[in-house]
Each structure stands twice: as structure tokens, then as C-alpha cells.
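below is the structure, and that's it, no one-letter string:
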Ligand SMILES: Nc1nc2c(ncn2[C@@H]2O[C@H](COP(=O)(O)OP(=O)(O)OP(=O)(O)O)[C@@H](O)[C@H]2O)c(=O)[nH]1
Ligand SMILES: [Zn+2]
């Protein structure tokens, strides 16, 4: 598995190439980018590419920043549900992830819903939860399961539903070159697995 970027120091020593370090240094990561540029057939020393390895490593810190985020902490601040007794649903949360097979972008939306137990979370935390798991190397199935299970584990709601609709650049820009298709995954837990909530939540999520 990729070394979690969580272990990368914020400011790594540019001369640190110690093979014993648990995670490659920033300098090693930049050297790896130079190798890929050479492998692609270009010259990493030409002016236009001179700063590219550093940029790529900074971009990776964003794209894989999810390893450093703790879902329990994201969902840690909770509020009483104040008498509200129905579905809480946040639709169309933008999703940017990276396919673990080709390291190509996965782009789409997530819909999250839960049936509160005793507590609710701030709405923004649902989007933060999606981001924490999306910004890792993923397959869409595991991404769906991880988001749903974190909600169930941390919030203890009566039901959880997660639906993700996404397109995979590894299918559109290379390989089979299929454009316009989207992958749909979902996970229903607790009360949403059974009627009458099942039909209700599926209708709400597909509307
Ligand atoms: N189930 C699933 N498959 C995915 C996901 N992202 C990418 N894939 C697929 O992972 C598969 C990897 O297949 P391989 O045969 O090992 O790789 P490949 O030779 O590059 O395959 P092609 O993409 O068909 O050229 C491909 O079929 C991808 O479409 C995902 O999130 N879930
Ligand atoms: Zn892929």
C-alpha cells in the first residue's frame, strides 16, 4: 500500500534520502516525478518542466490529503436532534477521487442520508467525510462502504444510505475509451435496508 501522506512531514528535508525512513521524503517523491517525465519521453531539466516535480508533489498532497484526515474527528462534534425525527439527506456532494488501479481521476457526486438516533452532525461534516475517504487511492465500491460505515460507527443513527455516481477517467481517456458512462454504487444500512424506509430513501436518492 502507498505510504500514507499523513506520515510525510509538512516540511521535509530536501536532502533526506534515508532508506530507513518509513515514508519517502519530498526530495525522493520529486525525483520519482522526474523519472516518470523521462520515461514519458521528455526532459525534466528543460525550463518548462523545471518546477513540475515540486508542483506534482504539492498536488499529490491535496489529492491524497485524505490519509491525514480522521473520520472520527470529523464527526466528533454532534448536536441533539431537537425533536426532528425524519431523514437527513445531503445530495450532490462533489466527489474527487483517484482510481487505485491507474491513479486516474474519479469524478462524480455522492448523496448521503441518515435517520438520526439521538444526535445529528453539522451538515458540512458530511461533505468533509466524503472528502476524507475520496482523497485516497480508491475503488468506488470501497469508497462507498467506508463512508457509510464511518457514519454508522460514529453517529449511531437508525439508518444510513450512501449513493455515489462517478465517471472514471481510466475508462474515458484510455483503455476502453468509453465516454458518458457512470458507475453507480450504494450502501444501505439499518432501517434503510427494510421497508418502509427502503422505498422512501431509494426514491429520495434517485429523484
Ligand atoms: N470495480 C471497479 N473497477 C474499477 C474501478 N476503477 C477502475 N476499475 C477497473 O479496474 C480494472 C483494472 O483492470 P486490469 O485488467 O487490471 O487493468 P487494465 O489492463 O488497465 O484494464 P483496462 O482498463 O480494461 O484497459 C479495469 O477494468 C477498470 O475499469 C472501480 O472503482 N471499481
Ligand atoms: Zn482506473
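Sure thing, it's come through. Just so you know, these numbers come straight off a predicted model, no measurement behind them. Ligands and ions are numbered 1, 2, ... in the order given.

from here on, just use CA atoms for contacts and neighbour counts.
Will do.

shaky segments in the protein?
For the chain, the stretches flagged by pLDDT under 70 are 1-21, 207.

residues contacting the closest residue to ligand 1 within it?
Going by Cα to the nearest ligand atom, ligand 1 is nearest to residue 139 of the chain, at 3.3 Å. Shown in contact with residue 139 (Cα atoms under 8 Å, 6 or more residues apart in numbering): 99, 100.

outline the domain layout of this protein.
In terms of domains, the chain is parsed into 5-66, 79-206 (source: automatic domain parsing).

looking at these, which is closest to residue 72?
domain 79-206 (6.3 Å; Cα to Cα).

contacts only, for residue 190.
Contacts for residue 190 (Cα under 8 Å, 6+ apart) come out as 158, 159, 160.

so which of those residues is the most crowded?
For those, the largest neighbour count, defined by other Cα atoms under 10 Å, is 29 neighbours, found at residue 160.

element containing that one, please.
strand 159-168 (DSSP states H and E).

how about residue 204?
Residue-wise, residue 204 maps onto helix 197-206 under DSSP H and E.

buried ones in that helix?
197, 198, 201, 205 (16 or more other Cα atoms under 10 Å).

ok so residue 66 is a helix residue?
Yes - per DSSP: H, G, I helix; E, B strand; the rest coil, residue 66 lies within a helix segment.

next one: residue 125 from residue 101, what distance?
Using Cα to Cα, to the nearest Å, one obtains 28 Å as the distance from residue 125 to residue 101.

so does the strand or helix carrying residue 95 get close to ligand 1?
Using DSSP H and E, residue 95 sits within strand 88-99. Yes - Strand 88-99 is in contact with ligand 1 by Cα under 6 Å from any ligand atom, via residue 99.

many thanks, we can stop here.
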